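> pasted the sequence and its predicted model underneath.
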Amino acid sequence: MLKLNENYLKLPGSYLFAEIARRTAAYSEAHPDKRLIKLGIGDVTLPLPAASVEALKRAADEMGDKATFMGYGPYEGYGFLREAIVKNDYLPRGVEISPDELFISDGAKSDCGNIGDIFSEDCTVAVCDPVYPVYIDANAMAGRAGDYADGRWTNIVYMPCTAENGFFPELPGRVPDLIYLCFPNNPTGTAASKEQLRPWVDYANEHGSVILYDAAYRAYISDPELPRSIYEIPGAETCAIEFGSFSKTAGFTGTRCGWTVIPRALVRGGESLYDMWMRRQSTKYNGTAYVIQRAAEAIYSPEGRAQVAELIGYYMENARVIREGLASAGLEVYGGTDSPYIWFRAPEGQGSWEFFDRLLGEANVVTTPGAGFGPSGEGFIRLTAFGDAENTREAVGRIKAIL
Ligand code: PLP
């Protein structure tokens, strides 16, 4: 008889954003006269940079002409985009990654989840708590998480990130095989320094672990001292895989493009992880669309760079408005300086969902309850800077008014 992948059946029913959507819809139905402002889901609101739109159109024309039409592309992505990423995002930071260590993808989410394909089902996985849910859920689907009980998975190593440790995890006592790190962090808005990351690289090299470093928000780092890549830490090329994304950098959430770096020097069990991932991609992935790769490449043109800087400046101004507004109301606020996320403690010891409901019902602002990202997120709320500027100002004013 056909058997299902029972790991899927262990996943908790209501995904965080589905529950937020349910509560929001129920409120709107009961109060159709209220105008809600959504600062919850981390989707962007500004359109693609004009340089990318132009590149998309040019590429579409190429596809419609027999002389320039492109069929299947390289599994690892076109050289023009891999070279542009290395030249603009890595070399200026002193990171000597080669374009031949990069894979273009349809976004960081797929690769963060799919990378598990090249590791054994028995690998232990460590995640920060709170955490972007994809790391845990993807590993639960692969059978690495154990069982889910009381809000935790039995085989996941949770690394609490709290106000007490500056939202940066301690090295785990039990050595994990795979360690997901994400900086700037979703949801806490914390960016990591080189000094903070160095012991992790040393630890992974010493124990043979692999760090899965999610740098989807790298473009939001404004402090020049902070690393934008794990490879700015010496030794990371022998222990880390890095994920990048055009989603938040250049509004590609719906256009879909990202990349994964696997250095040739990264070897485990005598095998090159680059070669294993190439084998995986060439079997299960037929490449990111040519037109999309051209659109992504265009963000590195002089016009594209200026447009991206403007876009990020717009969101970071929202972040400043939120951060300073909430702090002036007496809230304990984190993030929002090198990240588009603002993380704050609900006042008077209220729980995340309790304060979420209050913000929804009294301020008509939709937020994300910190508890939805893991047990250590309880008592916190996440706001995103990706909203419209005017709505953001109004939302902050409304929140201040109810406090
Ligand atoms: N990684 C983190 C930490 C995220 O927060 C997100 C999206 O919100 C992603 C990855 C997904 O990025 P992409 O749109 O490239 O799949």
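Arrived safely, thanks for sending.
> name the helices or strands packed onto the helix or strand hosting residue 344?
Using DSSP states H and E, the element containing residue 344 is strand 341-345. If you count contacts as 3 or more Cβ pairs under 8 Å, 6 or more residues apart in numbering; DSSP states H and E, strand 341-345 packs onto helix 302-328, strand 333-335, strand 380-384. Yep, even glycine has a C-beta here, placed from its N, CA and C like the rest.
> of those, flag the one that's most buried.
Using mean count of other Cβ atoms under 10 Å, the stretch among those with the largest mean neighbour count is strand 380-384, at a mean of 28.
> quick one: strands adjacent to it?
strand 341-345 (antiparallel), strand 368-369 (antiparallel) (DSSP bridges).
> is the longest one anywhere near the ligand?
No: applying Cβ under 6 Å from any ligand atom, one finds that strand 341-345 is not in contact with the ligand, the shortest distance being 8.6 Å.
> dihedrals phi and psi, residue 271?
When quoted as degrees, to the nearest 10, the phi and psi of residue 271 stand at phi -110, psi 140.
> what pLDDT does it get?
Predicted confidence (pLDDT) for residue 271: 98.
> ok, now residue 227?
98.
> quick one: closest of the helices and strands packed on strand 341-345 to the ligand.
The ligand lies closest to strand 380-384 among the helices and strands packed on strand 341-345, at 9.3 Å (Cβ to the nearest ligand atom).
> can you give me the helices for the stretch 51-200 of the chain?
Along the stretch 51-200 of the chain, counting by DSSP state H, counting those that start in this stretch, helices occupy 79-85, 108-114, 133-141, 194-207.
> can you lay out the ones you listed as a markdown table showing mean neighbour count, distance to residue 385 and mean pLDDT?
What follows is the helices of the stretch 51-200 of the chain, written out as a markdown table (neighbours: other Cβ atoms under 10 Å; distance: least, Cβ to Cβ, whole Å; pLDDT from 0 to 100):
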| stretch | mean neighbour count | distance to residue 385 | mean pLDDT |
| --- | --- | --- | --- |
| helix 79-85 | 19 | 24 | 98 |
| helix 108-114 | 21 | 19 | 97 |
| helix 133-141 | 21 | 20 | 96 |
| helix 194-207 | 17 | 23 | 98 |
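> hang on, the earlier thing: need the helices and strands packed on strand 341-345 in TSV (columns: mean pLDDT).
As requested, these are arranged in TSV below (pLDDT from 0 to 100):
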stretch	mean pLDDT
helix 302-328	98
strand 333-335	98
strand 380-384	98
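> nearest to residue 187, of those?
Nearest to residue 187 among the helices and strands packed on strand 341-345 is strand 380-384 (4.2 Å), distances taken as Cβ to Cβ.
> quick one, the helix or strand just after that closest one and strand 341-345 angle?
Heading C-terminal from strand 380-384, the first helix or strand you meet, by DSSP H and E, is helix 389-402. Relative orientation of helix 389-402 and strand 341-345, computed by axes from the mean of the first three to the mean of the last three Cα atoms, to 10 degrees: 0 degrees.
> show me what helix 389-402 is packed against.
strand 37-38, helix 302-328, strand 365-366.
> if we can go back for a sec, need the helices and strands packed on strand 341-345 in a markdown table (columns: distance to the ligand).
Listed next are these as a markdown table, based on distance: least, Cβ to the nearest ligand atom, whole Å:
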| stretch | distance to the ligand |
| --- | --- |
| helix 302-328 | 13 |
| strand 333-335 | 13 |
| strand 380-384 | 9 |
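> export those to TSV and tack on distance to residue 291?
Formatted as TSV, the helices and strands packed on strand 341-345 follow (distance: least, Cβ to Cβ, whole Å):
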stretch	distance to residue 291
helix 302-328	15
strand 333-335	35
strand 380-384	28
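> which among these is found nearest to residue 362?
Once the helices and strands packed on strand 341-345 are compared by Cβ to Cβ, strand 380-384 is nearest, at 13.6 Å.
> show me what residue of the protein gets nearest to the ligand.
Going by Cβ to the nearest ligand atom, the ligand is nearest to residue 107 of the chain, at 2.8 Å.
> so who does that residue touch?
Counting by Cβ atoms under 8 Å, 6 or more residues apart in numbering, residue 107 touches 245, 247, 252, 256, 257, 258.
> mind picking the two most distant members of these?
245 and 256 (9.5 Å).
> those two: which has the busier surroundings?
Per other Cβ atoms under 10 Å, whichever of residue 245 and residue 256 has more neighbours is residue 245, with 25 against 18.
> what's the local residue count around residue 163?
Using other Cβ under 10 Å, residue 163 has 14 neighbouring residues.
> for the one 3 residues further on, same thing?
The burial metric for residue 166, expressed as a neighbour count using other Cβ under 10 Å, is 13.
> need the contact list for it.
Going by Cβ under 8 Å, 6+ apart, residue 166 touches residue 190.
> for residue 196, see how far away it is.
Applying Cβ to Cβ, to the nearest Å, the value for residue 166 to residue 196 is 8 Å.
> A strand includes residue 20, no?
No: counting by DSSP: H, G, I helix; E, B strand; the rest coil, residue 20 is located in no strand; its state is helix.
> does it really touch residue 368, like I thought?
Yes: look at residue 20 against residue 368 with Cβ atoms under 8 Å: they come within range, at 6.5 Å.
> so for the two, which residue has more residues nearby?
For residue 20 versus residue 368, neighbours defined as other Cβ under 10 Å are more numerous around residue 368 (26 against 22).
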